[in-house]
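1. Quick one, fold the following:
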Amino acid sequence: MASVPTGTGRPGQLNRKQTGDAWELKARRWLENQGLRFIAANIRERNGEIDLIMREGRITVFIEVRFRQSARYGGAAASVTRSKQQKLLQTARIWLARHNGSFDTVDCRFDVVAFTGNEIEWLKNAFGE
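-> Got it, this is the predicted structure:
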């Protein structure tokens, strides 16, 4: 049987990237069950990254996925700071431009899927331009 990939030096432990990828996949599957259609994942630009891009009807949805083991410091949703929001907006602007669009021509929104412990919270239209 194959072992779980690790990068932490501790057998059986996922590194930070692997943990993030696993939660993003869980969010993607959960959102697909809610009726959204997958477009892209882990879109990287100069100053930021978008975890998931999906469609809900005619709306392009840019999604930030967050995970926290507990709500001790405000939970996963609280970790999406104003600075992070600005980076997401800029990255989305660049992605739209590369796909012949803009915030003026494409219906879009910014959602957060937050996992705090075993709880999931979907914040639709969590922030905007």
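2. what's the helix or strand for the nearest residue to residue 38 once chain neighbours are set aside?
-> The shortest distance from residue 38 to any non-neighbouring residue, by CB to CB, 6 or more residues apart in numbering, is to residue 54 (5.6 Å). Every C-beta, even on glycine, is put in place using the N, C-alpha and C of the backbone. Per DSSP states H and E, residue 54 falls inside strand 48-56.
3. one step back: give me the beta-bridge partners of the residue nearest to residue 38?
-> Beta-bridge pairing for residue 54 (DSSP bridges): residue 38, residue 61.
4. Which parts of the protein are strands?
-> Listed in chain order, the strands of the chain (DSSP state E) span 37-45, 48-56, 59-68, 108-116, 119-127.
5. what's the burial count for residue 27?
-> Residue 27 has 26 neighbours, counted by other CB atoms under 10 Å.
6. Can you give me the distance of it to residue 45?
-> According to CB to CB, to the nearest Å, residue 27 and residue 45 sit 20 Å apart.
7. pretty sure residue 31 is touching residue 51, no?
-> No. The pair residue 31 / residue 51 is not scored as a contact, 10.9 Å apart, by CB atoms under 8 Å.
8. Common neighbours of the two, please.
-> Common neighbours of residue 31 and residue 51, counting by CB atoms under 8 Å, 6 or more residues apart in numbering, are residue 63.
9. quick one on the thing from earlier: out of the strands of the chain, the one nearest residue 82 is which?
-> Proximity to residue 82, assessed across the strands of the chain by CB to CB, is greatest for strand 119-127 (8.4 Å).
10. quick one: strands adjacent to the closest one?
-> Using DSSP bridges, the strands paired with strand 119-127 are strand 108-116 (antiparallel).
11. hey, C-alpha coordinates of the partner strand in CSV?
-> Extracted in CSV, the C-alpha atoms of strand 108-116 (Å, rounded to 0.1, in the frame of the first residue of the first chain):
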residue,chain,number,x,y,z
CYS,A,108,-19.2,37.7,-11.2
ARG,A,109,-19.0,37.5,-7.4
PHE,A,110,-16.6,36.6,-4.7
ASP,A,111,-17.5,33.7,-2.3
VAL,A,112,-15.7,32.3,0.7
VAL,A,113,-16.0,28.6,1.6
ALA,A,114,-14.8,28.4,5.2
PHE,A,115,-14.1,25.1,7.1
THR,A,116,-13.8,25.6,10.8
